[in-house]
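J.: generate coordinates for the sequence data below:
(chains A and B)
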Amino acid sequence: MTADPLGGAITVATVADVPDRRARRGSPRRRAAWLRFILVTAFAVVVLVPVGTVLLLALHPSSSGTSDLSGWTLDAFGILSTTNIPHALLNNLMVSVAATVLSVAVGACGGYVVSRSKGRAVPAYSASLFIIQALPVIVFVIPLFVLFARIALVDSLTGIVIVYVAAGVAVNTWIMAAYFDTIPVALEEAAWIDGCSRFGGFFRIMLRNATPGLLSAAVFSFLLSWNDYLAAAVFLKSDDVKTMPVAIQQFFQQTGADWASIMASAVLMIIPPLVVFVVLGRRLSLGGLGGSLAGK
Amino acid sequence: MTALLLPSLILLALLNIYPLVYAISQSLHDGNLVQTGPFVGLDNFTAVLEDDRFWAATRVTGIFAVAGVLGSWLVGLALALTFKAGLPFRALLRGLLLLPWVIPVVVSAATWQWLVSTPSSPVRVLTRALGAGDVLFLADPKWAIITLCVFRIWVSYPFMFLQAGAALEAIDNDLYEAATVDGASRIQRFTHITWPLIRKSTLISLLLMTIFTVNDFGSVYLLTGGGPAEATQTLPVLSYLLVFREFTSGTGVAVSVLMSVALVLLSIILYRQIRKSE
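T.: Predicted structure coming up:
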């Protein structure tokens, strides 16, 4: 492979995966790759200032200027014993895990039909999913609030799980349908010949081969319910059902914000999605959510 | 096989279609959240359309969407092109650059608030050092909109980066080699190879991001609360405040129904684009 005299951004695409191992030390191509590295790193540093701020203020509360604590300390995490934050974290986890499992299950079933059925209603169904997904959440939240108030689901964790499942079903159906499309029908047919039922084929063959799709849908649902503020603010009123996004609001007072507690809660809130991303990130397809959306 | 469709059909009917129908009916009635008042026809809609706050919110939503979508697209595309060209530690950098997308909006709005409103924060120190003095990022109406748009770009660029990355990944590298052999310049390679091949998926990402941004309640409400003095009030925030603060659910829901009409049109365009690209 010869060195590229232009060192252009697009030209070197051919060596994208091994930019420096093959090129000779000090070659223009190698230098261009390092130049890009420096630019991207500089950009990342600027972009990550807000993330660094969270850590700094949580571990070094005196930098917020509103506290008399000094130096590095874990004192801000005292909220774990003095406030309802641990309870809110637990609520958040339970709600997100339940909503994720349910909406992935429902989405996988629906996605299978959208992918395999040749029925005439299927394209219409998939189009209506698409339109529903584009509507503002607030349009659903207000009527659901009225409905849930009648059947005692306001201010309950069950109620909020139902809201999140409903919010995630459309996209999950698609992610799964797009993934099932990539699994050859021949695989299922073989199972049918061996005496497997249609359902057996779905559970034993399709689901087992759709792990990346299931994971993408799960990550999407988890982030959706973990990060939501609007529905939680509308539906969860009493302290024992609050999830983190609403529980954190108690530290914003008229008299000023308790930044140390806010940032300590923030650190706790970042950890679960971060773990999900670090553990599963590599197994998700590069397009992730968007790729699957656009593919169907 | 259709039995598998049942769970999602039931969910959609109960939790999406029913609320939608209910919302439309609510927009045709007077009353508040708890009690539906008398049928008033299109009165709520005429009231909304004659209200300056609605048009102000529409304008802010427009600025927010255009700046947020185009800004995040440019950043995302620039990053994707740089990554495609190759650089050391790409997996690590890619992971770090996706962080703004993973972080809950409650958290990012809080840290941005601290950064722009605390006099001793690095952002404020920097603006003073640049001679801009003490910029009131959230208290000055003009700056509040700019801050909000920059925040939204910060939240959305990772998605656009992933989308553009996936589109670029699909381009056959031989095309570039052939073009290089033929003496095409870097710009020509972009305009004649890259752009035509990613145009379709770019359009889809732009439309999707427009829908996400117009619907974004959390960023606006948590960062500026619509203030100062309604200067950054977008349509979802206006709708929320009308229903939950001013207790006029008829007009509040009418705002979101009007928004929905626009979004349905947008999603139909998007759907047809996606179908065509298959």
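
J.: for the closest residue in space to residue B:137 that isn't next to it in sequence, list the residues it contacts.
T.: Spatial nearest neighbour of residue B:137, chain neighbours left out: residue B:116 (3.7 Å); criterion: Cβ to Cβ, 6 or more residues apart in numbering or on different chains. (Glycine included, C-beta is placed from N, CA and C.) Listed by Cβ atoms under 8 Å, 6 or more residues apart in numbering or on different chains, the contact set of residue B:116 reads B:123-124, B:137-138, B:147.

J.: output the helix or strand residue B:116 falls within as PDB, nothing but the C-alphas.
T.: Assigned by DSSP states H and E, residue B:116 belongs to helix B:105-117. Extracted in PDB, the C-alpha atoms of helix B:105-117 (Å, rounded to 0.1, in the frame of the first residue of the first chain):
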ATOM      1  CA  VAL B 105     -31.400  14.600  30.100                       C
ATOM      2  CA  VAL B 106     -32.100  15.500  33.700                       C
ATOM      3  CA  VAL B 107     -28.400  15.100  34.400                       C
ATOM      4  CA  SER B 108     -27.100  17.000  31.400                       C
ATOM      5  CA  ALA B 109     -29.600  19.800  31.800                       C
ATOM      6  CA  ALA B 110     -28.400  20.200  35.400                       C
ATOM      7  CA  THR B 111     -24.700  20.300  34.600                       C
ATOM      8  CA  TRP B 112     -25.300  22.700  31.700                       C
ATOM      9  CA  GLN B 113     -27.300  24.900  34.000                       C
ATOM     10  CA  TRP B 114     -24.400  24.900  36.500                       C
ATOM     11  CA  LEU B 115     -21.800  25.600  33.700                       C
ATOM     12  CA  VAL B 116     -23.600  28.600  32.300                       C
ATOM     13  CA  SER B 117     -25.100  30.100  35.400                       C
END
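
J.: show me which residues of the host helix or strand of residue B:203 are buried.
T.: Using DSSP H and E, residue B:203 sits within helix B:195-214. Across helix B:195-214, burial judged by 16 or more other Cβ atoms under 10 Å in any protein chain shown covers B:197-198, B:201-214.

J.: kindly report the same for stretch B:82-94.
T.: Neighbour counts using 16+ other Cβ under 10 Å place B:82-87, B:90, B:93-94 of stretch B:82-94 among the buried residues.

J.: what's the burial count for residue A:95?
T.: 25 (other Cβ atoms under 10 Å in any protein chain shown).

J.: cool, and residue B:13?
T.: Using other Cβ under 10 Å, residue B:13 is surrounded by 10 other residues.

J.: wasn't it part of a strand?
T.: No - checked against DSSP: H, G, I helix; E, B strand; the rest coil, residue B:13 lies outside a strand; its state is helix.

J.: from chain B, how far off is the residue most central in space within chain A?
T.: Chain A has residue A:223 as the residue nearest its centroid, 3.0 Å off, counting by Cα atoms, centre = their mean. Computed as Cβ to the nearest Cβ, to the nearest Å, the residue A:223 to chain B distance reads 7 Å.

J.: now residue A:45
T.: For residue A:45, the distance to chain B - Cβ to the nearest Cβ - is 9 Å.

J.: can you tell me the SS state at that residue?
T.: helix.

J.: okay, now the domains of chain A?
T.: What automatic domain parsing lists as the domains of chain A is A:11-77, A:84-295.

J.: helices and strands of chain A: which one has the lowest mean pLDDT?
T.: Using mean pLDDT, DSSP states H and E, the weakest-scoring helix or strand in chain A turns out to be helix A:288-295, at a mean of 42.

J.: no no, chain B
T.: strand B:36-39 (a mean of 78).

J.: and the next helix or strand past it?
T.: Next along the chain after strand B:36-39, taking DSSP H and E as the criterion, comes helix B:43-49.

J.: got the angle for the helix or strand following that following helix vs helix B:195-214?
T.: Note on helix B:43-49: by DSSP H and E, the next helix or strand toward the C-terminus is helix B:52-85. Taking axes from the mean of the first three to the mean of the last three Cα atoms, to 10 degrees, one finds helix B:52-85 and helix B:195-214 inclined to each other by 140 degrees.

J.: which helices and strands sit right next to helix B:52-85?
T.: Applying 3 or more Cβ pairs under 8 Å, 6 or more residues apart in numbering or on different chains; DSSP states H and E, one finds that helix B:52-85 contacts helix A:28-47, helix B:90-102, helix B:141-169, helix B:195-214, helix B:235-244.

J.: the helix or strand following the shortest one versus helix B:195-214: what angle between them?
T.: Tracing the chain past helix B:235-244, the next element assigned as helix or strand by DSSP H and E is helix B:249-277. The directions of helix B:249-277 and helix B:195-214 differ by 170 degrees, with the same axes, to 10 degrees as the criterion.
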